[in-house]
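Peer 1: Here's my sequence, what's the structure:
(chains A, B, C and D)
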2 protein chains.
Amino acid sequence: MVSKVEHRDRTGCPIACALDIIGDHWTLLIIRNLMFLGLHEYKEMLETEEQISSNILTLRLKMLQEAGLIASASHPESKRRKLYYLTPTGKDLIHVLVPLVLWSRRNLREHLRIPKDIDHLLESDPQAFLQETLQRLIDWERINLKTSQ
Amino acid sequence: MVSKVEHRDRTGCPIACALDIIGDHWTLLIIRNLMFLGLHEYKEMLETEEQISSNILTLRLKMLQEAGLIASASHPESKRRKLYYLTPTGKDLIHVLVPLVLWSRRNLREHLRIPKDIDHLLESDPQAFLQETLQRLIDWERINLKTSQ
DNA sequence: CTAATTTACTTCTATAATAGAAGTATTATT
DNA sequence: AATAATACTTCTATTATAGAAGTAAATTAG
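Peer 2: Okay, here's the model as predicted:
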């Protein structure tokens, strides 16, 4: 939740407290960009199909950093660019997002357009999809986060 | 998403399409009420710690019925009361919500107050927790949905 | 049988959040 | 030196939410 009075002020429910962070229309899409789509820059996230507003994107990136789900580093090739990436807490959401994707596949079939190869892997071996995704994140970090914090 | 322009109009992403239904501050709390807390009536949901407004609760219950995640039936003991319950699509979200609870346990420990017995079961055998939850839902349905739709 | 109460909403208004357009500061390219 | 790219920031109009109050039908109490 992004409002002033958050659920965690009123309840210790693990679902309510998670919703204080990821319970809005945009936050999980940013996590998706970082986790599955390989989008690590502000500009790239502005240009996704869902068309997030620039002010909202800025707010959410700031909130996610304060919540400890993402972090940022300067781009190795340019000072004016910035790289966002998932922290261990953010990456740990893969255990929620892969099941969410599988739920959508089972229940919202008619609305979805999933690339064929990914769709087949989700069907035949979702755990392999999860592991491949995690490995891709590790590889990306090794290449892009050599220097600095 | 609850706004006019929904993600599914712009994208076929399984995460974005799921967020059109469950991506707001209240919807997953209603699912939680039905799935884990045994709350099946409007009044009970109004009285939870999170203090949802009555107009928002009405809107979300209507939306969730239209989306096919919940359904309603008249109370066996009273015509003025109404029972809400999860459809198979709604119950299928258990495969997302249990991982979400486990993510919160791992990453938001300090904010949580989970009953001890449940917390132990989540730690030792989350799959058993999931199965017990599903069984409780089936038992509730057998008792409360004998008649009518 | 009547009056009070309960339940599930509905309506209204003030406040907060979001969308969209436009601008700014810093860095890089031509 | 001028132009462009990147990551924001600011502003305003629209939309959503919170909170208070009201309504209609069903039930209970006296």
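Peer 1: Give the buried residues for the lengthiest helix in chain A.
Peer 2: Counting by DSSP state H, the longest helix found in chain A is helix A:126-144. Judged by neighbour count (16 or more other CB atoms under 10 Å in any protein chain shown), helix A:126-144 contains these buried residues: A:Phe129, A:Leu130, A:Thr133, A:Leu137, A:Trp140. Glycine gets a C-beta too; all of them are placed from N, C-alpha and C.
Peer 1: is it possible to export those residues to TSV including distance to chain B and pLDDT?
Peer 2: Output for the buried residues of helix A:126-144, formatted as TSV (distance: CB to the nearest CB, whole Å; pLDDT from 0 to 100):
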residue	distance to chain B	pLDDT
A:Phe129	12	98
A:Leu130	11	98
A:Thr133	13	98
A:Leu137	16	98
A:Trp140	19	97
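Peer 1: Which of the residues you listed sits closest to DNA strand D?
Peer 2: Taking CB to the nearest atom of the strand as the measure, DNA strand D lies nearest A:Trp140 of these, at 15.3 Å.
Peer 1: re earlier: between the buried residues of helix A:126-144, which is nearest DNA strand C?
Peer 2: A:Trp140 (20.9 Å).
Peer 1: quick one: the closest one and A:Leu37 touch, right?
Peer 2: No - taking CB atoms under 8 Å as the definition, A:Trp140 is not a contact partner of A:Leu37, at 11.7 Å.
Peer 1: now A:Leu93: how far from A:Asp24?
Peer 2: Separation of A:Leu93 from A:Asp24 (CB to CB, to the nearest Å): 15 Å.
Peer 1: Pick out whichever of these two has more residues nearby.
Peer 2: Counting neighbours by other CB atoms under 10 Å in any protein chain shown for A:Leu93 and for A:Asp24 shows that A:Leu93 has the greater number, 24 against 21.
Peer 1: Who are the contact partners of the residue nearest the centre of chain A?
Peer 2: Centrality entry for chain A: nearest residue to the mean C-alpha point is A:Ile31, 0.9 Å, by CA atoms, centre = their mean. Counting by CB atoms under 8 Å, 6 or more residues apart in numbering or on different chains, A:Ile31 makes contact with A:Ile22, A:Leu64, A:Leu69, A:Ile70, A:Leu86, A:Gly90, A:Leu93, A:Leu97.
Peer 1: Helices - which of these land there?
Peer 2: A:Ile22, A:Leu64, A:Gly90, A:Leu97.
Peer 1: Surely A:Met35 touches A:Val96?
Peer 2: No - applying CB under 8 Å, one finds A:Met35 not in contact with A:Val96, separated by 10.6 Å.
Peer 1: In which helix or strand does A:Leu57 reside?
Peer 2: Here A:Leu57 sits within helix A:54-66, counting by DSSP states H and E.
Peer 1: Can that helix be said to contact DNA strand D?
Peer 2: Yes - using CB under 7 Å from any atom of the strand, we find that helix A:54-66 touches DNA strand D at A:Ser54, A:Asn55, A:Thr58, A:Leu61, A:Lys62.
Peer 1: Can you lay out those residues as TSV showing distance to DNA strand C, pLDDT and neighbour count?
Peer 2: As requested, the residues of helix A:54-66 next to DNA strand D are exported to TSV (distance: CB to the nearest atom of the strand, whole Å; pLDDT from 0 to 100; neighbours: other CB atoms under 10 Å in any protein chain shown):
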residue	distance to DNA strand C	pLDDT	neighbour count
A:Ser54	5	97	11
A:Asn55	4	97	8
A:Thr58	9	98	12
A:Leu61	13	98	18
A:Lys62	12	97	12
